[in-house]
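Colleague: fold the following and give me the result.
(3 chains)
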Amino acid sequence: MKRQQLVLRKSKRFNVFLLVTVILCLVPQLGVGTYILRILILSLVFLIATSAWCLISGYAGQINLAPTMFFGLGVYSSALVARHLGLSPWLGLLIGPLLAASFALIIGFPLFRLHGAYFALATLAVGEILYYVMVNGVWFSGGTVGLQIPFTPKVLFVDFNDIYSQYYFILVLAFLSTYILYRIAMSRLGYYFMAIRDDEDTAMSMGINVLKYKEVAFCLSGFFTGLAGAFYSNFLLYVEPSMAFGITPALTIVIMGILGGADAILGAWISAPLLTFIMEGLRLLFGAAGAYDLFTLGILIILIILVIPRGLIRLVTAAKI
Amino acid sequence: MSLLFETLIAGVMTGGLYGVIAVGLALIFGVMRVINFAHGDFVMVAMYVTYFLHLWFKIDPLLVIFVPIAVVAAIAFVVEGFILRLSRARGVFVLGGKELTGLMILVGISMLLENGAQIVWSPNYRSLVLPWSSNVISIWSAKIPLPYVIAFIISILTTILFYVFMTKTDLGRAIRATVINREAASLMGVDTDKINLIAWLIASAMAGVAGVVMATLFYIYPTVGLVFTLKAFIITILGGMGSAIGAFFGALLLGIVESVGAVYIAVGYKEAIGYIIFLIVLLLKPSGLFGRFRV
Amino acid sequence: MGILEVKSVTKSFGGLKALSDVTFDVKQGELLGVIGPNGSGKTTLFNVITGYYRPEKGSIWFNGENIVGLKPFQIAKKGIARTFQIVRPLSSLSVFDNVLTASLLRESNMHRARERASEILKYVGLSDKREARPSELTIADRRKLEVARALAIEPRLLLLDETLAGLLPSEIDLTLKLIKSIQANGITIIMVEHVMRAIMSACEKVIVLDHGEMIAMGTPVEIARDKKVVAAYLGAEYQLA
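Modeller: Alright, predicted model coming up:
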């Protein structure tokens, strides 16, 4: 009986979600200042990447320890489009996701021969390779020095001159992305993903083409993570390998995913802002130079797994979300 | 020609060390089905302890090799004896089961160790310079730095010791039984909790030995751990997860490939080479690793 | 020309011949029993038919098509469903969601798939347990769930692997009734069993495996009298009077 009480009716769930989004829309009106807005924007970027991570790792059970393989492709797309093609870096928002999704499709074939922890570590290897490629391909990527992105304030009808426009833009992106991911998770695809997670052989006996659906989940995850990355670099106007492909953003996304609830697409709405603000707070406390923020992140992840391994969202509802 | 030979020898010798690290990782995986993401960080800690012992007391690291080992083993004891055990006892796991839960906890431990080291000891690269660091031995036509030779000798000795322990002692046999079939071993009277702990202590001790020796060869810095962990993982996959001999030869192979790659291709890609080989092996070696179906 | 024809199927693992030149066929609507001592290859046979293993020799014809080499999900789509000897439900999903996931194969509309799943649960008698997790079910109910999941993909051929093992006599009767009812709906069934009275009472035809070889085929009565069968189970010294 208890389980039933915790299950919010579907329409209610969506209403809560809508409410949160509306609140976030109003935030700038509260006069919070650009500093807070900046942090919110960053948390929304990671929110998208985290929700996408949940789809492949939480729903389909294929733990990707290097979502940066997609994030980084998105990040660099904008920069490289501007640098080498002379086009608006905002095109990266189109190219990044597509590039990341294509990469997912291709790299999925060798990767999905592995299962469980083997797969997870293989994803790490892929992430590391991409990192080294970017660090070494200096002519191409600017190496560790990085690349600046030229500032292009006007894209179509939207004026990105100020932080408020950027905030609303990412908010819309976040809403749309997580909405789409949520609908996918609730659909037939979502059930198939979960079947694959629970028992591949049983899934096959139900007529599920396991490899195909793993690829679908992976490509979807790649697409949205790439989208997040593309916006990220346009916002920061600068790219370099460790912010794109490094272990820090990789683990940040993974931890946000687990913290929100690995199998909860919408859980990221709680965990991404929460963790981003905590990390920022730590940076203020200890100074950006030290490794205190990551150290604390390490403690956090151990605590999370010991105390609430199913994620924060499970404190609120046991439903599929 | 001489350069190639020296490169090969250097590769073999570093490979031996990688092997020692990899065998420890494989042991933990075999006994507990958990991938010790912090394994390389154990090595890193041993490296730092060795460095400071030398800095403060001016003793040759090889004489006090047991000190870093003890430190690392103590950390391993805390990790398995308290944290991991607590997680298992709780019975609730991150989606993906026990193995992934253990893995993520160890990711946390790794972050603690790496960043703790960075906070306490700063991210600066350090190196250990010993009186015999620059001595060179001539093997045939090649000139090999003494530290490499000593490293190799120690890794051979450690591996032999490990092998003897696992095959000739009762405890070793108990461990192997647990690796083969945990339940059956338990039914036969093996105390699997104790075996877990012992596996961790042995694996960390080996990581400690590797760390002491590594300190005489490479730069010491906080994030060097991750590099070792990934290499060790690549080696265990190359050599086959259950086989210590396989791991050893896989390690030699990796050492050689890296060495040759660094000299003949490009230094910057040295690390990436390992990962690329790894992915190629995955493509070509279908079953065996992941031998999937059982009903 | 039966719905399923197994011709000279041979499957080895290393040096061990799990199946050796097995040949038989099943007619549409038949209930075929497969018996044999432990280790005789019964489950391997199922695994080969459903594509989890590939035989070195032989062919398997389903509805006139050779299905050797097809992957398990393709075979499921073609209309062969199976249960597993050790039940393997989707553990994180509810009973209802387990069946729903299976019914999504034939019905992509979520609403209709849900209706279908409800019907199937009612049919096997698990409606009151729809929200439960598989781990909370009794063994008998878990078996029912396996059957429900298999039925949800609308098979023409159903393979039941020791569905009656470990059940109470009353549960066995109920399950047999269910199986007969499934057969009455036009689905061909092959069941691997150790529970002899089920085989004897329900099956029209029985094949006997021993060490991978098919040593007998016939009606239940014929099989019971077959000396080779008795020898396989009890050893050569024993004979039925």
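Colleague: hey, let's count contacts and neighbours off CA atoms from now on
Modeller: Noted.
Colleague: for the chain, give me the ranges with low pLDDT.
Modeller: I'll assume chain A. A:1-14, A:89, A:138-145, A:148-161, A:288-290, A:318-321 (pLDDT under 70).
Colleague: that's the wrong chain, I wanted chain B
Modeller: In chain B (pLDDT under 70), the answer is B:1-2, B:92, B:94-98, B:239-246, B:264-270, B:282-295.
Colleague: quick one: the strands in it?
Modeller: B:136-139, B:142-145 (DSSP state E).
Colleague: repeat for chain A
Modeller: A:147-148, A:154-155, A:158-159, A:238-239.
Colleague: find the residue closest to the closest residue to chain C within the stretch 201-321 of chain A in space, skipping its chain neighbours.
Modeller: Of all residues in the stretch 201-321 of chain A, residue A:207 sits closest to chain C, at 4.0 Å by C-alpha to the nearest C-alpha. Spatially, and ignoring its direct neighbours in sequence, residue A:207 is nearest to residue C:73 (4.0 Å; C-alpha to C-alpha, 6 or more residues apart in numbering or on different chains).
Colleague: which residues touch the one you found?
Modeller: Each residue near residue C:73 by C-alpha atoms under 8 Å, 6 or more residues apart in numbering or on different chains is listed here: A:203, A:204, A:205, A:206, A:207, A:208, A:209.
Colleague: what number of residues lie near residue A:20?
Modeller: 13 (other C-alpha atoms under 10 Å in any protein chain shown).
Colleague: mind listing what the closest residue to residue B:149 other than its chain neighbours touches?
Modeller: Distances taken as C-alpha to C-alpha, 6+ apart place residue B:13 nearest to residue B:149, at 6.9 Å, with adjacent residues excluded. Residue B:13 is in contact with B:148, B:149, B:151, B:152, B:252, B:255, counting by C-alpha under 8 Å, 6+ apart.
Colleague: state the distance from the third one to residue B:216.
Modeller: When C-alpha to C-alpha, to the nearest Å is applied, the distance between residue B:151 and residue B:216 equals 8 Å.
Colleague: what's near enough to touch residue 164?
Modeller: You didn't pick a chain, so chain A it is. A:28, A:37.
Colleague: my question was about chain C
Modeller: Counting by C-alpha under 8 Å, 6+ apart, residue C:164 has contacts C:172, C:175, C:193, C:195.
Colleague: surely the third one is in contact with residue C:38?
Modeller: Same thing as residue C:193. No. Contact criterion C-alpha atoms under 8 Å: residue C:193 and residue C:38 do not qualify, at 10.5 Å.
Colleague: helix, strand, or coil at residue C:9?
Modeller: strand (DSSP: H, G, I helix; E, B strand; the rest coil).
Colleague: with adjacent residues omitted, what lies nearest to it?
Modeller: Nearest non-adjacent residue to residue C:9 (C-alpha to C-alpha, 6+ apart): residue C:58, at 4.1 Å.
Colleague: wait, isn't that neighbour in contact with residue C:19?
Modeller: No. The criterion here is C-alpha under 8 Å, and residue C:58 misses it with residue C:19 at 10.6 Å.
Colleague: neighbours of residue C:174, how many?
Modeller: Residue C:174 has 14 neighbours, counted by other C-alpha under 10 Å.
Colleague: check which residues of the host helix or strand of it are buried.
Modeller: Using DSSP states H and E, residue C:174 falls within helix C:169-184. For helix C:169-184, a neighbour-count test (16 or more other C-alpha atoms under 10 Å in any protein chain shown) marks C:172, C:175, C:176, C:178, C:179, C:180, C:182, C:183 as buried.
Colleague: just flag the most distant two among these.
Modeller: The span of the buried residues of helix C:169-184, defined through C-alpha to C-alpha, is set by C:172 and C:183 at 16.3 Å.
Colleague: neighbours around residue A:316, how many?
Modeller: The burial count for residue A:316: 11, using other C-alpha under 10 Å.
Colleague: residues from chain A in reach of chain C?
Modeller: A:187-188, A:191-192, A:195, A:198-199, A:202-209 (C-alpha under 8 Å from any C-alpha of the partner chain).
Colleague: out of these, which is most surrounded?
Modeller: For the residues of chain A next to chain C, the largest number of neighbours (other C-alpha under 10 Å) sits with residue A:206, at 32 neighbours.
Colleague: what does that one show for phi and psi?
Modeller: Backbone torsions of residue A:206, given as degrees, to the nearest 10, read phi -90, psi 10.
Colleague: show me what contacts it?
Modeller: Contacts of residue A:206 by C-alpha under 8 Å, 6+ apart are C:73, C:76, C:81, C:101, C:102, C:105, C:149, C:150, C:153.
Colleague: okay, these in TSV with distance to residue C:140, pLDDT and secondary structure next?
Modeller: TSV is the format used below for the contacts of residue A:206 (distance: C-alpha to C-alpha, whole Å; pLDDT from 0 to 100; DSSP: H, G, I helix; E, B strand; the rest coil):
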residue	distance to residue C:140	pLDDT	secondary structure
C:73	26	96	helix
C:76	24	96	helix
C:81	19	96	strand
C:101	21	96	helix
C:102	20	96	helix
C:105	25	95	coil
C:149	14	96	helix
C:150	16	96	helix
C:153	21	96	coil
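Colleague: distance of the closest residue to chain C within the stretch 51-200 of chain A from residue C:91?
Modeller: When scored by C-alpha to the nearest C-alpha, the stretch 51-200 of chain A has residue A:198 as its residue closest to chain C, at 5.3 Å. Distance of residue A:198 to residue C:91, computed by C-alpha to C-alpha: 6 Å.
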